[in-house]
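Trainee: Starting from these lines, generate the structure:
(chains A and B)
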Amino acid sequence: MNTRKGALPIVDRPLSKGRNEVSLSAFAFLFSELVQYSQTQVSTVTELEHRLEEIGRRVGEKVLELLCFREKASRREIRLLGMLSFIHTTVWKCLFGKAAESLERGTDNEDEYMISDRELLVNRFISVPRDMGQLNCGAYVSGVVKGILNSAGFPAQVSAHYVAVEGQSRPRTTILMKFTDEVMEREHRLGS
Amino acid sequence: MSIFSLYIVNKSGGLIFQKDFADIARLNTNDALMQASIWHSLHAISSQISPLNGCTGIEMLETSTFSLHCFQALTGTKFFVTCAPRTTGVESLLRTIYEMYSDYVLKNPFYEMEMPIRCAAFDLQLVVAIKGMA
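Mentor: All right, here's what the predicted structure looks like:
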């Protein structure tokens, strides 16, 4: 075992808080390569989004474990609104440095919720060419959210959409979450 | 507006981006391509014939009707703007444009190196920067 004199063995040392700041440029280049690599493996835009979502899902599962331990002293969220505000503030702050802009409930359906941001960090430097259609690289972020929700026991369909806003040249991005029936039933049963 | 147009030339001398900001400067595509290649060759020749060592090429060309400022990055990509004579702040504008290029073009996964630049985000930022100059 390689230990300095007087230092505890590695499993007994306290877990560090971790570095909060990472170079934006480094992340942007890495993400750009991620997208380019995924493009070589797929043939359609939908498949590319699925791939990015899959990568994000794995990140989400791990982020949930990490943040529950660090931020909430291992308390589990069992109510839907609690989980949503956890994602909206804590997860966004950990991943992107600030809380998301808004959390809304879908007007048409009871089981749809939306988190919106003026511009997702991952999309900041990306301009999608016209022949790529409706591709949104925010599919990566919707994958992260999906991983978190699925691991926490709130299975849902998550997707990222551009919503045009007047007065702004770049459209807002909305992460749409559609929860399954069992989640909504459970919520009703637990009482609201 | 005192900035007439912006050209970006890749390291092999091909024009990858061109934008006109004033009506008097509008060239058609062929002329723009020729202008870019001529400037690329002039720039290369100037560093060879310079009497001093360590010359990296022409940085500014001043005529009675316009000035041309050029910035060459370490990779060989050249950014040059034509503007009204005696305009100030063009050097810092070129640095800003270089920064925006490295952000909105190079970090775009859909951009291939040395190809013409077609990035909406880059165009938007450019318009903001040029407006800030005027």
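Trainee: ok, how many other residues are close to the residue lying closest to residue B:12 once chain neighbours are set aside?
Mentor: Distances taken as C-beta to C-beta, 6 or more residues apart in numbering or on different chains place residue B:114 nearest to residue B:12, at 6.8 Å, with adjacent residues excluded. (Glycine included, C-beta is placed from N, CA and C.) The burial count assigned to residue B:114 is 11, neighbours taken as other C-beta atoms under 10 Å in any protein chain shown.
Trainee: Residue A:104 too?
Mentor: By other C-beta under 10 Å, neighbour count at residue A:104 equals 11.
Trainee: now do residue A:181
Mentor: 9.
Trainee: gap between it and chain B?
Mentor: 37 Å (C-beta to the nearest C-beta, to the nearest Å).
Trainee: which SS class is residue B:40?
Mentor: With DSSP: H, G, I helix; E, B strand; the rest coil as the basis, residue B:40 sits in helix.
Trainee: List the contacts of the closest residue to it other than its chain neighbours.
Mentor: Spatial nearest neighbour of residue B:40, chain neighbours left out: residue B:13 (3.8 Å); criterion: C-beta to C-beta, 6+ apart. The contact partners of residue B:13, taken as C-beta atoms under 8 Å, 6 or more residues apart in numbering or on different chains, are B:36, B:37, B:40, B:41.
Trainee: buried subset of the residues you listed?
Mentor: Applying 16 or more other C-beta atoms under 10 Å in any protein chain shown to the contacts of residue B:13, the neighbour count classes B:36, B:40 as buried.
Trainee: Grab the two from the contacts of residue B:13 that are most spread out in space.
Mentor: Farthest pair in the contacts of residue B:13 (C-beta to C-beta) is B:36 and B:41. Separation: 9.9 Å.
Trainee: what's around the closest residue to residue A:77 other than its chain neighbours, how many residues?
Mentor: Nearest non-adjacent residue to residue A:77, counting by C-beta to C-beta, 6+ apart: residue A:83, 4.4 Å away. Residue A:83 has 20 neighbouring residues, counting by other C-beta under 10 Å.
Trainee: show me what contacts residue A:83?
Mentor: With C-beta under 8 Å, 6+ apart, residue A:83 has these contacts: A:77, A:149, A:152, A:154.
Trainee: and residue A:161, what is it in contact with?
Mentor: With contact set as C-beta under 8 Å, 6+ apart, residue A:161 has these partners: A:136, A:173, A:174, A:176.
Trainee: Show me which of those residues is closest to chain B.
Mentor: Distance to chain B, by C-beta to the nearest C-beta, is smallest for residue A:136 among the contacts of residue A:161, at 12.8 Å.
Trainee: How about the secondary structure of the closest one?
Mentor: Quick answer, by three-state DSSP: residue A:136 is coil.
Trainee: List the buried residues for the lengthiest helix in chain A?
Mentor: Looking only at chain A and at elements set by DSSP state H, the helix with the highest residue count is helix A:45-70. Neighbour counts over helix A:45-70 (16+ other C-beta under 10 Å) mark A:45, A:48-49, A:51-53, A:55-57, A:59-61, A:63-64, A:67-68 as buried.
Trainee: what element comes up after it heading to the C-terminus?
Mentor: Sequence-wise, the next helix or strand downstream of helix A:45-70 (DSSP states H and E) is helix A:80-85.
Trainee: Quickly name whichever of the contacts of residue B:13 is closest to chain A.
Mentor: Nearest to chain A among the contacts of residue B:13, with distances taken as C-beta to the nearest C-beta, is residue B:36, at 22.6 Å.
Trainee: Show me which residues of chain B sit near chain A.
Mentor: B:103-104, B:106-110, B:118-122, B:124 (C-beta under 8 Å from any C-beta of the partner chain).
Trainee: Chain A: strands as residue ranges?
Mentor: For chain A, strands defined by DSSP state E occupy the ranges A:102-105, A:112-117, A:156-163, A:172-179.
Trainee: Kindly report the same for chain B.
Mentor: Using DSSP E, strands in chain B cover B:3-9, B:15-20, B:60-62, B:67-72, B:78-83.
Trainee: got JSON lines for the ones you listed, with mean neighbour count and mean pLDDT too?
Mentor: Converted to JSON lines, the strands of chain B look like this (neighbours: other C-beta atoms under 10 Å in any protein chain shown; pLDDT from 0 to 100):
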{"stretch": "strand B:3-9", "mean neighbour count": "22", "mean pLDDT": "92"}
{"stretch": "strand B:15-20", "mean neighbour count": "18", "mean pLDDT": "92"}
{"stretch": "strand B:60-62", "mean neighbour count": "12", "mean pLDDT": "92"}
{"stretch": "strand B:67-72", "mean neighbour count": "19", "mean pLDDT": "93"}
{"stretch": "strand B:78-83", "mean neighbour count": "23", "mean pLDDT": "92"}
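Trainee: which bits of chain A sit near chain B?
Mentor: Near chain B, when you scan chain A using C-beta under 8 Å from any C-beta, you find A:25, A:28-29, A:31-36, A:39, A:124-129, A:132, A:137, A:169-170.
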